[in-house]
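>>> Got a sequence here, can you model it:
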Amino acid sequence: AMGKYTFDQGVNQELSEVLNQLWSRDTNRLKPGTDYTISLQGKAGYVAQGSNTARDMARAPLFTYVNEGKLKSIKTYALFMRLLDNYEMSTGVSETVTSEELMENDLFLNAILETEVMKCAHKYLVSKGQSPSDQQQFKKQLYDMWFRLYHRDRSGGEDSCGFEHVFVGESKYGKEITGFHNWVQFYLQEKLGNVDYKGYKAQGNRNTPDEDDHVLNLQFSWKGLVKPVGSSFIGVSPEFEVALFTILFLASTGKVSDCVSDHTRFKPGSIR
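Residues are numbered from 1 along each chain as shown. Modelled structure (predicted):
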């Protein structure tokens, strides 16, 4: 089923409508049960704030199977995956950006700008007066928003950017994980043995997730640090997430990271 978004609070009709348009245009989204399979296993338990121990309610990985050939054959995923290894995990550790990495950022933006999803997002943002109609100017806006480095940690150098926070994940003071919402990164890190999936988080008993859900709340550890609950879209394309988060960010006024760390406005299970 195609499904629509249902929003919890405070997302207006207009926003809701454009997000549904993005959803229906996401032709590069992978199909659950066909292109990938996940295994939800047990329901994760409570983890105290600041604690890095969590009972493992899932002995097996979250991802049982992902068709990597398909990922590599779709341009936006292939270019997206090349960006994932460009970042230093710790905040406070300055990022070094090579000319090759700058080129990778550029190629990725070019590729997503060709998709229907991003064209739809651009059109909407222009209609709201939030983005320039000129394609090159829009690309520059996206570049600044996602790839320009900023200081996450006041004491250190330029150690973070929107892309790193949202898609790759970071550790803060070596104590907690921030960001890290992307399913491809989760899958690749899990395969390397860096991520240990601990179980799903359900809000109350009424919405136990199932394997076909495209939004899940997860508990996991990454290189020894626990994320008590992180929500992720599963199976969606990189262009869908960039489009969605760009719109949500420009509709809010914070830094990308602040607005994006909550997909809690989506009711998991409502997107199929």
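
>>> how much space between the closest residue to Val242 other than its chain neighbours and Gly69?
Spatial nearest neighbour of Val242, excluding adjacent residues (CB to CB, 6 or more residues apart in numbering): Ile112 at 5.8 Å. The way it works is simple: take the backbone N, C-alpha and C, and place the C-beta from them, glycine included. Distance, Ile112 to Gly69, using CB to CB, to the nearest Å: 21 Å.

>>> surely Pro238 meets Tyr77?
Yes: using CB atoms under 8 Å, Pro238 makes contact with Tyr77 at a distance of 6.3 Å.

>>> and these two? which has more neighbours close in?
The neighbour comparison of Pro238 against Tyr77 (other CB atoms under 10 Å) goes to Pro238, with 24 against 20.

>>> Let me see the contact set for the residue nearest to that one when sequence neighbours are not counted.
Using CB to CB, 6+ apart and skipping residues adjacent in sequence, the residue nearest Pro238 is Phe80, 4.0 Å away. By CB atoms under 8 Å, 6 or more residues apart in numbering, Phe80 lies in contact with Phe108, Phe167, Val184, Pro238.

>>> Locate the third one within the secondary structure: which element?
Spelled out, it's Val184. helix 183-191 (DSSP states H and E).

>>> same question for that helix, mean pLDDT?
Averaging pLDDT along helix 183-191 yields 94.

>>> Show me which parts of that helix are buried, residue by residue.
Neighbour counts using 16 or more other CB atoms under 10 Å place Trp183, Val184, Gln185, Phe186, Tyr187, Leu188, Gln189, Glu190 of helix 183-191 among the buried residues.

>>> What angle do helix 183-191 and the next helix or strand after that helix make with each other?
For helix 183-191, the following helix or strand on the C-terminal side (DSSP H and E) is strand 195-200. Calculated by axes from the mean of the first three to the mean of the last three CA atoms, to 10 degrees, strand 195-200 forms an angle of 110 degrees with helix 183-191.
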